[in-house]
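**Q** structure here, sequence nowhere to be found:
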Ligand SMILES: [Zn+2]
């Protein structure tokens, strides 16, 4: 069967963990797994360009029985070729490409044209959603904790503070109930007006961030994902009610639906001097109600 010509429709941004879909394409892979592409799915794939939230795991049920979904990756179709995961050279949404979720399954692959059910591991999803929400809040808290370390007018974050997180982040990795974010403070950040002396006492910075986080968790607040339609390429926005107001951050992942899900979110900061600057690692830990 020809490769899909429409972007996969995804329901995980609304919190779904199970869905039915039609098998559009099955491709055997070198490692014995098969890549299965459906018209629609509830399974969250890891993104190629910004791999912050890990893939769901789960099962795929079809006429041939149950196959394990080891992981799901982004696929891109261009000029009659399907490129998967790290082989995909463009960002999701690039013009001229079709973007799909590829379920990498172990076991009997379904037949093209068949209707199948996919079920994501709900416990893993819930833990990653908590980690992702905590990660967003921690980034806002870090920006707030460093807001007086800037000497020039700077792009602002969703709360109106100088956008340290956005300007300095190198990688963001979400895990169950937490995240690890790595920042680099070098010449370019100093040129933008960041005064590195603000990081001389990282324990004090972490304490300020943790005070902000404690206030937000205590207040609770609804969290939702806004999007215009279900295509995986459609831009999605994380919207969270904080005491300071509603904050909006572009986001492709999944989240808890209220900050009341947490009893605490805390960050720890570790600073290392590296050639040409500072590396800062923020470890975020969420505890659930
Ligand atoms: Zn996000």
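**A** Good, I have the coordinates. The structure presented is a predicted model; accordingly, all values stated were derived computationally and were not measured.
**Q** contacting residues around the residue lying closest to residue 185 once chain neighbours are set aside?
**A** With Cβ to Cβ, 6 or more residues apart in numbering as the criterion, residue 185 has its nearest non-adjacent residue at 4.3 Å, and that residue is residue 278. C-beta here means a position set from N, CA and C on the backbone, and glycine is covered the same way. Going by Cβ atoms under 8 Å, 6 or more residues apart in numbering, residue 278 touches 184-186, 196, 199, 271-272.
**Q** can you say which of those are buried?
**A** Among the contacts of residue 278, those buried by neighbour count (16 or more other Cβ atoms under 10 Å) are 184-186, 199, 271.
**Q** could you dump those residues to TSV with distance to residue 178 and secondary structure?
**A** Shown next, in TSV, are these (distance: Cβ to Cβ, whole Å; DSSP: H, G, I helix; E, B strand; the rest coil):
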residue	distance to residue 178	secondary structure
184	21	strand
185	22	strand
186	26	coil
199	22	helix
271	19	strand
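**Q** keep those residues, but drop any that are not near the ion.
**A** Among those, not one lies near the ion by Cβ under 5 Å from the ion.
**Q** rewinding a little: between the contacts of residue 278, which is nearest the ion?
**A** Nearest to the ion among the contacts of residue 278, counting by Cβ to the ion, is residue 184 at 19.7 Å.
**Q** residue 279 is in contact with that closest one, correct?
**A** Yes: look at residue 184 against residue 279 with Cβ atoms under 8 Å: they come within range, at 5.9 Å.
**Q** hmm, back to that, which helix or strand contains the residue nearest to residue 185?
**A** strand 277-288 (DSSP states H and E).
**Q** so does that strand get close to the ion?
**A** No: using Cβ under 5 Å from the ion, strand 277-288 never reaches the ion; the gap is at least 12.6 Å.
**Q** quickly run through the sheet partners of that strand, with directions.
**A** Note on strand 277-288: by DSSP bridges, its sheet partners are strand 178-185 (antiparallel), strand 262-274 (antiparallel).
**Q** ok now the helix or strand following the first one, how far from the chain's centre?
**A** Sequence-wise, the next helix or strand beyond strand 178-185 is helix 187-191, with elements assigned using DSSP H and E. Averaging C-alpha positions (Cα atoms, centre = their mean, to the nearest Å) puts helix 187-191 27 Å from its chain's average.
**Q** give me the residue from the chain nearest the ion.
**A** Counting by Cβ to the ion, the chain gets nearest the ion through residue 251, at 3.3 Å.
**Q** circling back: okay, the strands paired with strand 277-288, which one's buried deepest?
**A** Ranked by mean neighbour count, these are led by strand 178-185 with a mean of 21 (mean count of other Cβ atoms under 10 Å).
**Q** low-confidence stretches in the stretch 51-200 of the chain?
**A** For the stretch 51-200 of the chain, no stretch has pLDDT under 70.
**Q** for it, just list every one of the helices.
**A** 122-145, 164-168, 187-191 (DSSP state H, counting those that start in this stretch).
**Q** export those as CSV, with columns for distance to residue 264 and mean neighbour count.
**A** Shown next, in CSV, are those (distance: least, Cβ to Cβ, whole Å; neighbours: other Cβ atoms under 10 Å):
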stretch, distance to residue 264, mean neighbour count
helix 122-145, 10, 23
helix 164-168, 20, 22
helix 187-191, 30, 13
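**Q** now do the end-to-end distance for stretch 41-57.
**A** Across stretch 41-57, the terminal residues are separated by 13 Å (Cα to Cα, to the nearest Å).
**Q** get me the contact residues on the stretch 151-289 of the chain for the ion.
**A** So far as Cβ under 5 Å from the ion goes, the stretch 151-289 of the chain lies against the ion at 251, 253.
**Q** how about the contacts made by the residue nearest to residue 78 when sequence neighbours are not counted?
**A** Closest residue to residue 78 apart from its sequence neighbours, by Cβ to Cβ, 6+ apart: residue 97 at 4.8 Å. Residue 97 sits next to 76-78, 90 when contact means Cβ under 8 Å, 6+ apart.
**Q** now for these: which two are most distant?
**A** Greatest spacing in the contacts of residue 97, by Cβ to Cβ: 77 and 90 (11.1 Å).
**Q** comparing these two, which residue is more hemmed in?
**A** Between residue 77 and residue 90, counting by other Cβ atoms under 10 Å, residue 77 is the more crowded of the two (21 against 16).
**Q** quick one: the more buried one and residue 4 touch, right?
**A** Yes: between residue 77 and residue 4 there is a contact under Cβ under 8 Å: 6.5 Å.
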